[in-house]
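Undergrad: here is my input, please return the structure:
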Amino acid sequence: MKAKRILIFNVNWVGDVLFSTATIRNIRHSFPDSFISCIIPERCYPVLKGNPHLDEILIFNEKGRQKSIVAQLRFVKLLRSKRFDTAFLLHRSFSRALICRLAGISQIIGYVTKKRGFLLSKKISPPKQDSLHRIDYYLRIIEQAGLRVEDRYPEFFVTEEDGAFIKSFLKENAIGETDFLAVINPGGNWLPKRWPKENWAELADRLSVEFAAKVVITGAGHDRKLAAGISDKMKEKPVIACGVLNLKQLAALSKRADLFISADTGPLHIATAAGAKKIIALFGPTSPEVTGPYPSKNVTLILKDVGCNIPCYVVHCRDNRCMKAISVEEVMEKVRGFNSC
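TA: Numbering: from 1, shown residues only. Take a look at the predicted model:
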């Protein structure tokens, strides 16, 4: 395959975009001299900002600035002006394939579906649902297209400025360079993946007492209420950083942390890719084989068998017994194990 101007139409979630960085890097390996552009929604931009394997990042928000047909046609015109000859569709949607076809891209490569197969020039048969880790799910597209896959790890790039910001942030909150720093990330993009806030509060207090830990709660702006609810139940008050840090700064914080604890959500995978020292990942309805942190050398995973089929996508589940089955004491035992090594 000869490609000079390549477009990667990426997916919509922070964690999945991070998983896709292995695909981006392997495309660059195959086309070291080509111009490579990647389309992502605005909220995922920090995941790819500073990625050396990309020449350009384009923003596409179909529920935002490109919501209208007129705006989408304007975006098509922009793509047409860039004269891409090859597009890799990591997203399975019909609209993205149509946009690439209208933009005059001759080679459009992606997983085939009943609705969009006629728009693809290279139709990749999708694997059985949840049979591959998300990293491999995206890599399979380029591998089936004839490209060589050399490696499969995700990447997240942090600058010196991000590290300096975190150093200042911690100093402002009376957290010294030698203090035991525990970062907890209690949020998640859907409720069944969340550990009960009472458990987070008890865990944070026990970390503060047993390890003299300084606890920082991270999350997006909409997680402030959750963090406040956890803080209200604590005896030792944490530092709440929800909505304060961007994703790059979160990665820098995770690298400084002695311990990072999270459920299966974007920040978990950012901490893993950024090289956090010790990570505890709490898994409930999702499968580590599909969305587990990788590489896992610094990760201890806790997953309980409660008789449910995993992965489970009942997003309105009110039982949540898979997450409730993880006890605070189990997490503390893992932390003690770290510190006894």
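
Undergrad: list the buried residues in the strand or helix carrying residue 338.
TA: In this structure, residue 338 sits in helix 328-340 according to DSSP states H and E. The neighbour-count check on helix 328-340 (16 or more other CB atoms under 10 Å) flags 328, 331-332, 335, 338 as buried. Using the backbone N, CA and C atoms, a C-beta is placed for each residue, glycine as well.

Undergrad: TSV for those, including distance to residue 114?
TA: Shown next, in TSV, are these (distance: CB to CB, whole Å):
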residue	distance to residue 114
328	47
331	44
332	50
335	49
338	49
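
Undergrad: returning to what we had before: and the contacts of the helix holding residue 338?
TA: Outside helix 328-340, the residues within contact range by CB atoms under 8 Å, 6 or more residues apart in numbering are 199, 202-203, 206-207, 210-211, 259, 261, 278, 280, 282, 300, 302.

Undergrad: could you redo the last one with a cut-off of 6 Å?
TA: With contact meaning CB atoms under 6 Å, 6 or more residues apart in numbering, helix 328-340 is reached by 199, 202-203, 206, 278, 280, 300.

Undergrad: specify which member of the buried residues of helix 328-340 is nearest to residue 125.
TA: Using CB to CB, the shortest approach to residue 125 within the buried residues of helix 328-340 belongs to residue 331, at 41.1 Å.

Undergrad: could you check the pLDDT of that closest one?
TA: Residue 331 is assigned 97 on the pLDDT scale.

Undergrad: that one and residue 291, how far apart?
TA: Computed as CB to CB, to the nearest Å, the residue 331 to residue 291 distance reads 20 Å.

Undergrad: before we move on, what about residue 168?
TA: Between residue 168 and residue 291 the computed distance is 33 Å (CB to CB).

Undergrad: neighbour count winner among those two?
TA: Using other CB atoms under 10 Å as the criterion, residue 168 and residue 291 rank with residue 291 on top: 23 against 10.

Undergrad: just list the residues touching that one, thanks.
TA: Listed by CB under 6 Å, 6+ apart, the contact partners of residue 291 are 134, 264.

Undergrad: could you do residue 247 as well?
TA: Counting by CB under 6 Å, 6+ apart, residue 247 touches residue 46.

Undergrad: again, only using 7 Å
TA: Residues in contact with residue 247 (CB atoms under 7 Å, 6 or more residues apart in numbering) are 46-47, 270.

Undergrad: I'd like to know which of the residues you listed are buried.
TA: Buried members of the contacts of residue 247, scored by 16+ other CB under 10 Å, are 46-47, 270.

Undergrad: could you list the domains of the chain?
TA: Taking automatic domain parsing as the reference, the chain has its domains at 5-144, 160-340.

Undergrad: tabulate those domains (JSON lines), appending distance to residue 153.
TA: As requested, those are arranged in JSON lines below (distance: least, CB to CB, whole Å):
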{"stretch": "domain 5-144", "distance to residue 153": "6"}
{"stretch": "domain 160-340", "distance to residue 153": "6"}
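
Undergrad: which residues of the stretch 51-200 of the chain fall in helices?
TA: Using DSSP state H, counting those that start in this stretch, the helices of the stretch 51-200 of the chain run over residues 69-82, 94-102, 134-144, 160-172, 197-211.

Undergrad: pull up the gap between residue 40 and residue 186, please.
TA: With CB to CB as the criterion, residue 40 and residue 186 are 26 Å apart.
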